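Engineer: My questions are about this predicted structure, shown below with the sequence.
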Amino acid sequence: MRKTMTDKEYQNYVEKKSPNSNIVRNVIRAFIVGGLICIVGQFITNALRMRGYDQEKVAGVTSLLMILMGALFTGLNLYDDLGRFAGAGSIVPITGFANSIVSPAMEFKSEGYVMGVGGRMFVIAGPVLVYGISASIVAGIVYFLLR
Amino acid sequence: MDNVLMSYVNAFIVGGVICAAGQILIDKTKLTSARILVLFVTAGAILTALGVYQKIVDIGGAGATIPLTGFGYTLVKGAFSDVDKYGILGAFTGGIKATAAGIAAAIFFGYLTSVAFRPKAKR
């Protein structure tokens, strides 16, 4: 028995079928690339620990180096290619934070070094800092009151 | 040596899972990457305040601190430790102090690379 479908039913059917396999593929890619970037971070962390740096210094130098790499690979136009493949795997790590600063700043350089580069750097990083820092202040105040 | 190897395995798995969660959000909710980043920083901050994220960091190492949730973790951890030292003022000083290296590096290296390199012509 064969069921004929209306256009709408068919559309729903296609939507139900096709994006799912894409999602699985995207999630696997994000998992692998994100995991690999974290392995690089772990490598830097381990190397610094072996040199006897304390925890605070290790954390600071690791994020500094990861951000430097993210910025550099964005400048060399490699990070956006990676992003097309990896999706969140390249967005969520801190290298993606650096990418979110450099990418719009480079693109809008023609608008000048103050409002173009200086201003566009924070199109995405700005909101991240606003919400991240505000959340930490609220958490700190709550901690102070409940302590 | 085993410990070192395990630290890589754990970093890969924990970091991979956090990024996979971000990808699911992007695909299922159509959130823009800016919103994902804001969401992850805030989620990391809240989970740290609740004492959950420290456990994830203990397991995953860089797998938990390198994703942007780890930025929220470092912010709140810094705020808490400065509250212990300086009282209420610490809530304002601790977060930025703990993340100073990352924020300064992002601004400085971000600026330098933006000035030094040209964007590729749109394909």
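Structural biologist: Arrived safely. Numbering: from 1, shown residues only, chains lettered A, B, ... in the order given.
Engineer: And chain B, is stretch A:69-83 touching that?
Structural biologist: Yes - Stretch A:69-83 lies within reach of chain B by C-beta under 8 Å from any C-beta of the partner chain, at A:Ala71, A:Leu72, A:Thr74, A:Gly75, A:Leu76, A:Asn77, A:Asp80. Every residue, glycine included, has its C-beta placed from N, CA and C.
Engineer: Go ahead and name everything in contact with that stretch.
Structural biologist: Contact with stretch A:69-83 is made by A:33, A:40, A:90-91, A:93-99, A:101-103, A:106, B:106, B:109-110, B:112-114, B:116-117, B:119-120, as judged by C-beta atoms under 8 Å, 6 or more residues apart in numbering or on different chains.
Engineer: What does the pLDDT read for residue 17?
Structural biologist: All of this is about chain A. Note on A:Lys17: pLDDT of 62.
Engineer: Please refer instead to chain B.
Structural biologist: 98.
Engineer: same question, A:Leu36
Structural biologist: At A:Leu36, the pLDDT value in this model is 98.
Engineer: Point me to the helix or strand that includes it.
Structural biologist: Taking DSSP states H and E as the definition, A:Leu36 sits inside helix A:7-50.
Engineer: Please apply the same query to A:Arg84.
Structural biologist: With elements taken from DSSP H and E, the one containing A:Arg84 is helix A:79-86.
Engineer: re the thing from before, run the contact check for the helix holding A:Leu36 versus chain B.
Structural biologist: Yes - counting by C-beta under 8 Å from any C-beta, contacts between helix A:7-50 and chain B involve A:19, A:22-23, A:26-39, A:41-46.
Engineer: among those residues, which ones are buried?
Structural biologist: Among the residues of helix A:7-50 next to chain B, those that count as buried by neighbour count (16 or more other C-beta atoms under 10 Å in any protein chain shown) are A:26-27, A:29-39, A:41-46.
Engineer: Next SSE downstream of the helix holding A:Arg84?
Structural biologist: helix A:88-91.
Engineer: what's the domain layout of chain A?
Structural biologist: With automatic domain parsing as the criterion, the domains of chain A are listed as A:1-94, A:108-147.
Engineer: Which of the ones you listed sits closest to B:Ile26?
Structural biologist: domain A:1-94 (5.6 Å; C-beta to C-beta).
Engineer: just the angle between the lengthiest helix in chain B and helix A:7-50, please?
Structural biologist: In chain B, with assignment by DSSP state H, the single longest helix is helix B:2-29. On the basis of axes from the mean of the first three to the mean of the last three C-alpha atoms, to 10 degrees, helix B:2-29 is oriented at 150 degrees to helix A:7-50.
Engineer: so B:Lys97 touches B:Ser81, yeah?
Structural biologist: No - contact status for B:Lys97 versus B:Ser81: not in contact, 9.2 Å apart, counting by C-beta atoms under 8 Å.
Engineer: Residue ranges in the chain under the pLDDT threshold?
Structural biologist: Unless you meant another one, I'm taking chain A. Filtered on pLDDT under 70, chain A yields the residue ranges A:1-3, A:14-20.
Engineer: Chain B is the one I meant
Structural biologist: B:1, B:122-123.
Engineer: for it, what spans make up the helices?
Structural biologist: B:2-29, B:33-49, B:53-60, B:62-65, B:68-86, B:89-98, B:100-116.
Engineer: tell me, what residue is most central in chain A?
Structural biologist: A:Ile91 (2.2 Å; C-alpha atoms, centre = their mean).
Engineer: what's the closest non-adjacent residue to that residue?
Structural biologist: Nearest residue to A:Ile91 in three dimensions, chain neighbours excluded: B:Ser33, at 4.8 Å (C-beta to C-beta, 6 or more residues apart in numbering or on different chains).
Engineer: Tell me, how many residues neighbour that neighbour?
Structural biologist: B:Ser33 sits with 19 neighbouring residues when counted by other C-beta atoms under 10 Å in any protein chain shown.
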